[in-house]
Every structure is written in structure tokens, then in C-alpha cells.
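> structure for this input, please:
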Amino acid sequence: MIRQEIAKLVKQAAKEAGFTVPQVVKIDYPADERYGDYSTNFALKTAKTVKLLPKEIAHNLRSHILNLQPNLFEKIEVAEPGFLNFFVLKEYLQNQIREILKQKEKYGNLEIGRKKINIEYCSANPTGPLHLGHGRGAFWGDVLANVLQKAGHKATREYFINDYGRQVSLLGESINARFLELLGQKVEIKEEFYQGGYVTDIAKEIPQKYSKLPETKRIQTFTEIGFKKMLVEAKKLLEKVGVKYDVWFSERSLYKKGLVRKATELLKKKGFTYEKEGALWFSSAKLGDDKDRVLVKAGGEPTYFASDIAYHLNKVSRGYDLLINAWGADHWGYKPRLMAAAKVLGFDEKLKIIIGQFVRLIEKGREVKMSKRSGTFFALEDLIGEVSSDVARFFFLMKSVDTHIDFNLDLAKTQSEKNPVYYVQYAHARICSILRKAEVKEVQSLLNLLDHPSELKLVKQLTRFPEVVEDIAEDYQVQRLPQYAMDLAAVFHQFYRDCRVISEDKNLSRARLCLVSATKIVLRNTLSLMGISAPEKM
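A predicted model of the protein is given here:
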């Protein structure tokens with residue numbers, strides 16, 4: 001990576017100049033091309049610790065860098081008040097095309113990571129259809145796992161099945177009420193029951209013979225039928241939209257193996273529990289939570305919080321170096337309490353919790369709040385029925401997962417350059433069309449002919465792909481991928497307008513075909529990381 005090479009050179013130059021060398025040197029992309037391809041404020045930062053002006057430090061570094069590596073830069077400029085601006089040599093950029101054509105789908109593969117990482121995402125309660133928020137979390141987690149693997153990490157994709165507790169039994173009660181209603185009995189449909197049409201649909205499939213069972217047994221049976229059906233439907237839908245999992249972890253297994261009891265006992269031994277009003281409490285307020293939390297209720301039943309602690313201890317026991325949780329907006333209050341438990345149990349530095357925010361579906365300027373089947377929210381399956389999985393993924397990924405998003409359904413259905421998915425995919429289709437129609441073959445030995453500003457700008461954009469992978473692997477901001485894809489498509493379309501690929505100049509055509517092929521590789525790799533198709537015709 002060019003950025004990584006520049007950072008390395010700045011460190012070496014700083015060492016030779018006798019400056020303190022930081023662990024990390026920040027290299028930025030200047031907003032204005034006149035200020036170079038890359039830039040660093042290292043001299044400004046160093047000036048705080050040495051008795052030199054930033055510009056003096058920058059000039060000093062410039063001399064050392066040019067001595068260390070004279071074949072990377074066209075020039076290095078010192079700009080006020082002490083920035084170093086790097087202009088990459090044309091010949092070096094041309095050689096990057098050769099590297100992309102050589103590596104193909106492996107281009108962008110990094111060796112920066114060697115961690116064993118567990119990513120738990122979506123993990124919706126199996127009590128109803130997946131909604132838009134679940135879809136957003138599922139796409140985010142799936143893409144992050146792709147990027148982490150691209151960066152060299154070993155990522156395990158995990159789904160936690162909440163198949164224990166009141167929420168699941170409430171599903172059984174809801175189905176039972178609709179079941180009896182279908183038999184003509186007058187039944188109270190309690191406010192706490194699940195109200196969606198899917199509950200009635202499940203009840204319709206249950207044979208009438210179950211009406212002879214005692215009520216308690218009947219509800220237990222319907223609970224099993226209901227949650228298993230919802231889980232099967234969730235798996236089918238996630239598979240349909242390309243979301244993959246390596247592990248489906250059952251909450252019940254924690255109780256069967258006695259892990260919830262072991263977790264509470266461990267907290268007791270650490271001295272962070274106490275009894276009050278017959279319940280067992282965790283002293284989480286001492287560790288940043290807004291109040292203490294119940295671990296075991298007065299009746300002896302562990303809380304969901306207790307099983308969540310046990311679940312994370314189980315993940316730690318499986319040898320992961322990092323645990324990443326993608327939770328929905330309704331779980332924001334759980335983060336402080338779980339982080340408090342993690343601190344007591346010694347795995348807080350391994351745990352990263354990302355809280356996703358709400359999704360609003362907007363059509364014709366108004367919010368669409370629900371779909372018929374779900375009853376209270378708009379189901380992900382219904383959205384996929386309106387737009388493709390490709391479109392849903394791209395739109396959900398365009399904004400940071402921790403910010404609210406308005407999903408513009410009208411724009412998502414548009415098949416024009418206004419639709420960012422269409423715009424990016426059309427760039428790939430256009431490339432494929434060019435390569436199909438080419439009467440000459442690409443020749444890499446002619447890459448030195450590529451010196452038009454639009455050609456070089458496109459190469460620079462291509463070389464940033466590994467740097468995007470690196471950045472996402474560090475901070476999990478996957479919205480960088482769709483933004484990069486749109487930027488790359490825009491730069492390619494500009495190149496296509498400015499530079500005729502197939503012309504009477506056969507040698508130039510051969511060189512430009514190399515650039516077009518390299519663009520196809522990088523664009524396809526980018527779409528692949530997002531789980532989005534790269535059509536060859538549109």
C-alpha cells in the first residue's frame with residue numbers, strides 16, 4: 001500500500017533526523033488534488049516537542065525521505081504551516097496496474113491481522129419476522145466479517161438464538177389464543193401478546209387435535225412450534241439475502257450446561273454481588289452503569305442479563321482475541337451493564353459493542369411504519385419483495401450503523417444514475433461491454449503510455465482499495481465501502497468520457513484496456529466485500 005509505505009518512510013526519516021518517532025504516523029488524502037495525493041501533519045505534531053518551526057521540521061523530513069526513496073515521488077512539497085504533501089510518481093502508479101492484474105481477486109488482501117475474532121450480529125428473538133433494523137445489523141455484520149477476513153483475520157460469524165425465557169413463552173401464549181379463536185372460542189387477546197398476522201398463520205397450520213391437550217402443555221407445545229418456525233424462516237431469509245453464519249448458538253444450552261449458574265457464582269467470588277429482597281444483584285453501578293442489576297430474581301429464575309454474561313464467558317473460553325457485538329437500538333441500555341460484568345471478569349478489553357440505530361422506510365415523502373404480516377413494523381422480507389437484496393444492502397451500508405437512516409424506497413426502485421447501486425453496477429457492466437467489444441488485447445508493457453490526468457486519477461483511486469480495507473478493519477466503519485464504490489465508479493465514468501479506450505492508436509488502446517481490466521477487478525472486489533453482485537450486462 002502506498003499510504004503504508006509513506007508512513008514507513010516518514011518514521012525512518014524522523015529517526016534519522018533525531019526526532020521522536022511515534023507508533024502511528026497519520027497519512028491523509030488531501031481534499032484538493034493540488035496539495036498532492038497524500039499528506040501528513042507530522043511536522044506540526046513534532047513541533048510541540050522540539051524547538052523548531054513546523055516548516056523547518058518538514059523540510060528536514062523531506063530531504064531524508066527523498067534520499068531514502070527517490071523512486072516513489074514525483075515531488076514532495078512543504079506547505080504552510082508545515083504540511084508535507086506527497087505527489088506519487090507516474091511510473092510507480094503505472095506499475096500498480098500490473099500488480100492489480102497479477103493479484104486479481106486477491107488484490108486488497110492484507111496481512112495486518114492475525115486475530116481470532118467472533119462477530120455476533122442480527123440475533124433477533126425468534127418470536128416474529130425480521131424487521132428493517134435486523135436487516136441493517138445483518139448486512140453490517142456480514143460485510144465487516146468479509147473485510148476482517150480480507151485483512152487477514154479469522155472471523156467467526158455467530159447468531160445467538162434467544163430460545164429461553166418469557167419472550168419465547170409469550171409467543172406460545174399468543175399462538176394459543178389465535179388457535180382457540182380459530183376454533184370459534186371467545187378468547188382474550190392480551191395487549192402483551194404478539195399481534196402480527198404471522199401468529200394467526202402459525203395457528204392455522206396446527207392440527208385441531210392439539211385442542212385436547214391441557215392448556216399448560218398446549219402452550220409449551222405451541223411455544224416450540226412457533227419459535228422453531230420463526231427461526232427456520234429467519235434462516236431462509238438470511239440465506240436469501242446472502243447473510244452467512246458459522247455458528248448458531250442456543251441460549252438454552254447455557255442452562256443445560258449449568259453455565260449461567262457458574263457465571264453468577266464467579267461474580268459472587270469476585271465480590272460484586274449482594275442479596276436484596278430475595279434477589280441476587282450485581283453491583284454494576286460501581287463500574288459505570290446507571291444502577292445495579294438483578295442477576296437472579298426472587299423466585300430463583302436467572303435474568304437475561306445473567307445468561308448474557310454466561311454466553312460471553314463461553315465465547316471467551318473458545319479462545320477469541322476479540323468479541324464484536326452488533327446490537328439493535330433497543331439494546332443501548334445493556335451496553336454499560338455488560339461492559340461492567342466484562343471488567344469484573346477480565347475480558348472488557350476484548351469486547352466491542354456496536355449499537356445500531358433505527359431505520360425509517362420513506363415512500364412518497366412519508367414514513368411506512370408497518371407491513372400486514374408483521375402487524376407492528378415493516379418486515380425485511382417485504383422490503384426485499386420491493387427492491388433487490390443488492391439494493392437493500394447498499395442502501396443500509398451507506399451510513400454508519402450507529403446513525404439513524406431514512407431508506408428512500410422511491411430512490412431504491414429507480415433504475416437510473418440517481419440510484420447509487422445502479423450507478424456503481426452500471427460502471428461494471430460498461431467495463432464488461434468494453435472488454436467484450438475490444439478487437440485488440442491488453443499489453444502490460446505499454447503501461448507507460450498512460451499519462452492522461454483522468455487515467456492517472458483512476459489508477460490512484462484503484463490503489464486506495466487496500467487502504468479502505470485497512471481502515472475498516474481498524475474502526476469497523478463499513479460505510480467506507482459503498483462510498484469508495486461510488487467514488488471509483490465516478491472516476492471511471494470520467495475516464496470513459498475523457499479517454500477513448502478503443503481508438504485508432506492500437507498501442508494506446510492496449511494500454512487503456514489494461515487499466516479498464518484493473519478497474520473491473522477492483523470494482524468487483526469491492527462489490528464482493530459488500531455481498532453485492534457485479535452484473536456484466538444491464
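> quick one: least confident helix or strand in this protein?
Across the helices and strands of the chain, mean pLDDT, DSSP states H and E gives its lowest value to strand 366-368, namely a mean of 91.
> so what strands line up beside that strand?
Strand pairing for strand 366-368, determined by DSSP bridges: strand 359-363 (antiparallel).
> buried set for the strand it pairs with?
By 16 or more other Cβ atoms under 10 Å, the buried positions in strand 359-363 come out as 359, 361-362. Glycine gets a C-beta too; all of them are placed from N, C-alpha and C.
> show me what contacts Asp390?
Residues counted as contacts of Asp390 (Cβ atoms under 8 Å, 6 or more residues apart in numbering) are 421, 425, 532-533.
> three-state assignment of it?
Recorded secondary structure, Asp390: helix (DSSP: H, G, I helix; E, B strand; the rest coil).
> hang on, the earlier thing: off-centre distance for the least confident helix or strand of the chain?
Its chain's C-alpha centre and that of strand 366-368 lie 26 Å apart, by Cα atoms, centre = their mean, to the nearest Å.
> got the contact list for it?
Identification of contacts with strand 366-368 by Cβ under 8 Å, 6+ apart yields 360-362, 378, 409.
> ok, 7 Å please
Strand 366-368 is contacted by residues 360-361, 378 when judged by Cβ atoms under 7 Å, 6 or more residues apart in numbering.
> let's have these in a markdown table, adding distance to Ile225 and pLDDT.
Output for the contacts of strand 366-368, formatted as a markdown table (distance: Cβ to Cβ, whole Å; pLDDT from 0 to 100):
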| residue | distance to Ile225 | pLDDT |
| --- | --- | --- |
| Arg360 | 33 | 93 |
| Leu361 | 30 | 94 |
| Phe378 | 25 | 88 |
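> let's have the residues you listed in CSV, adding distance to Val391.
Below are those laid out as CSV (distance: Cβ to Cβ, whole Å):
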residue, distance to Val391
Arg360, 17
Leu361, 13
Phe378, 15
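> closest one of the residues you listed to Val243?
The closest of the contacts of strand 366-368 to Val243 turns out to be Phe378 (Cβ to Cβ; 18.1 Å).
> give the contact list for Asp321.
Counting by Cβ under 7 Å, 6+ apart, Asp321 makes contact with 115-117, 350.
> ignore the last one, Leu259
310, 314.
> if we go to 8 Å?
So Leu259 contacts 253, 310-311, 313-314 (Cβ under 8 Å, 6+ apart).
> what does Asn507 give?
Listed by Cβ under 8 Å, 6+ apart, the contact partners of Asn507 are 443, 446, 449.
> repeat the analysis, applying 6 Å as the threshold.
Leu446 (Cβ atoms under 6 Å, 6 or more residues apart in numbering).
> buried ones in the least confident helix or strand of the chain?
For strand 366-368, the neighbour count (16+ other Cβ under 10 Å) marks Val368 as buried.
> how about stretch 303-316?
303, 305-316.
> rewinding a little: among the buried residues of strand 359-363, which one lies nearest to Arg166?
Val359 (26.3 Å).
> surely the closest one and Gly137 touch.
No - look at Val359 against Gly137 with Cβ atoms under 6 Å: they stay out of range, at 9.9 Å.
> so how far is stretch 420-440 from its chain's centroid?
27 Å.
> from Asp487, how far out is the residue lying farthest from the centre of the chain?
Here the chain reaches farthest from its C-alpha mean at Lys212, the gap being 48.9 Å by Cα atoms, centre = their mean. Distance from Lys212 to Asp487, counting by Cβ to Cβ, to the nearest Å: 65 Å.
> also Phe272?
49 Å.
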